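[1] Build the 3D model from these lines:
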Amino acid sequence: MKIERLVVVGVGLIGGSFALALKQAGVVRTVAGLGREPEAMARALALGIVDEVCETPQQALRGADLVLLAAPVGQTGAILAALLPYLEPHTVVTDAGSTKCDVVASARAALGERIGQFVPGHPIAGSESNGPDAARAELYRGKKTVLTPLPENSAGDVERVAAAWRHCGSLIHTLSPHDHDRVFAAVSHLPHLLAYALVDDIAAKPHASLLFQYAASGFRDFTRIAGSSPEMWRDISLANREALLTELDAYLAQLTSLRATLAAADGRGLETVFANAQRARREWVEAIEAGSPPPPQNQDTE
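    Sure thing, here's the model as predicted:
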């Protein structure tokens, strides 16, 4: 595989790491950066993430083989509409958005009959750090990337996107857009919502400074993802609102049940919940380390 010209729209952690990984793999000749923040783009150029900074889509897309959209999902439609007039017939566009149904809908509206040139994707990797300085070539190594191909995509275009991610060290999985959003509402979007809510709740308390003074590693680990981009997670939460509300309602029911157990001083009930969670997490971690899918969990709490 050889990418003569890669265009990255949004050269922060995700887009920058993609560019660096492909450069390290030796499969890309030129990386062009396109973004809305001149300071960030200049920094990406200085760090060697991109080889040139483009001021217009026309300049960026000239001769482009592959385009990665690494911007907040709420901007997908506007970005694709701006790229469309300069999109060459051989160019394949993909994205790194954390939601897929809304992205696909925006892409269909923006690209129309050229929707086949857009292959949706989502790398399952990240950090609470943002911007070009956070980018690193090894970010995707050993991590999953989920592609949600469309009926209009050619097998060759899907493989071109998959091959690029494999050169980043990523493991390719495939889901439908609907299944993708349902899965990640539970295991990614809800945890971010909870982390933001907890930190916001503590920060609003009159004695917040005292509480933060004594918060230790457990609190830091649990709330690490609350350091992520608020703009990005605003867009993700709104884009996947229905699936996220379903998961949030289920979690609220679990909290209500846990509260009742605690109020009743039911030590055995608390321990049962904690033991079930401990076992499920241990099996999940062991499955990851073994490189196999985790076993199905028994939902009984007898």
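[2] can you give me the strands for the protein?
    Assigned by DSSP state E, the strands in the chain fall at 3-9, 28-34, 52-53, 66-69, 92-95, 118-119, 121-123, 144-147, 171-174.
[3] Any chance of JSON lines for the ones you listed, columns distance to residue 164, mean pLDDT and mean neighbour count?
    Yep, even glycine has a C-beta here, placed from its N, CA and C like the rest. Below are the strands of the chain laid out as JSON lines (distance: least, Cβ to Cβ, whole Å; pLDDT from 0 to 100; neighbours: other Cβ atoms under 10 Å):
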{"stretch": "strand 3-9", "distance to residue 164": "7", "mean pLDDT": "98", "mean neighbour count": "23"}
{"stretch": "strand 28-34", "distance to residue 164": "9", "mean pLDDT": "97", "mean neighbour count": "22"}
{"stretch": "strand 52-53", "distance to residue 164": "19", "mean pLDDT": "97", "mean neighbour count": "16"}
{"stretch": "strand 66-69", "distance to residue 164": "6", "mean pLDDT": "98", "mean neighbour count": "26"}
{"stretch": "strand 92-95", "distance to residue 164": "8", "mean pLDDT": "98", "mean neighbour count": "26"}
{"stretch": "strand 118-119", "distance to residue 164": "10", "mean pLDDT": "98", "mean neighbour count": "26"}
{"stretch": "strand 121-123", "distance to residue 164": "9", "mean pLDDT": "97", "mean neighbour count": "25"}
{"stretch": "strand 144-147", "distance to residue 164": "9", "mean pLDDT": "97", "mean neighbour count": "20"}
{"stretch": "strand 171-174", "distance to residue 164": "10", "mean pLDDT": "96", "mean neighbour count": "14"}
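[4] Looking at these, which is nearest to residue 208?
    strand 121-123 (34.9 Å; Cβ to Cβ).
[5] Quick one: distance of the closest one to the chain centre.
    Centroid displacement of strand 121-123 relative to its chain, using Cα atoms, centre = their mean, to the nearest Å, is 7 Å.
[6] how close does the most centrally placed residue in the chain get to residue 45?
    Residue closest to the mean C-alpha point of the chain, counted by Cα atoms, centre = their mean, is residue 98 at 4.0 Å. Residue 98 sits 27 Å away from residue 45, going by Cβ to Cβ, to the nearest Å.
[7] returning to what we had before: pLDDT value on the closest residue in space to the residue nearest to the centre of the chain that isn't next to it in sequence, please?
    Spatially, and ignoring its direct neighbours in sequence, residue 98 is nearest to residue 236 (4.8 Å; Cβ to Cβ, 6 or more residues apart in numbering). Note for residue 236: predicted pLDDT of 92.
[8] Now do the contacts for the residue nearest to the centre of the chain.
    Neighbour list for residue 98: 73, 122, 184, 188-189, 232, 236, 240 [criterion: Cβ atoms under 8 Å, 6 or more residues apart in numbering].
[9] same check, this time on residue 44
    Taking Cβ under 8 Å, 6+ apart as the test, what residue 44 contacts is 11, 16, 33, 35, 50, 53, 132, 135.
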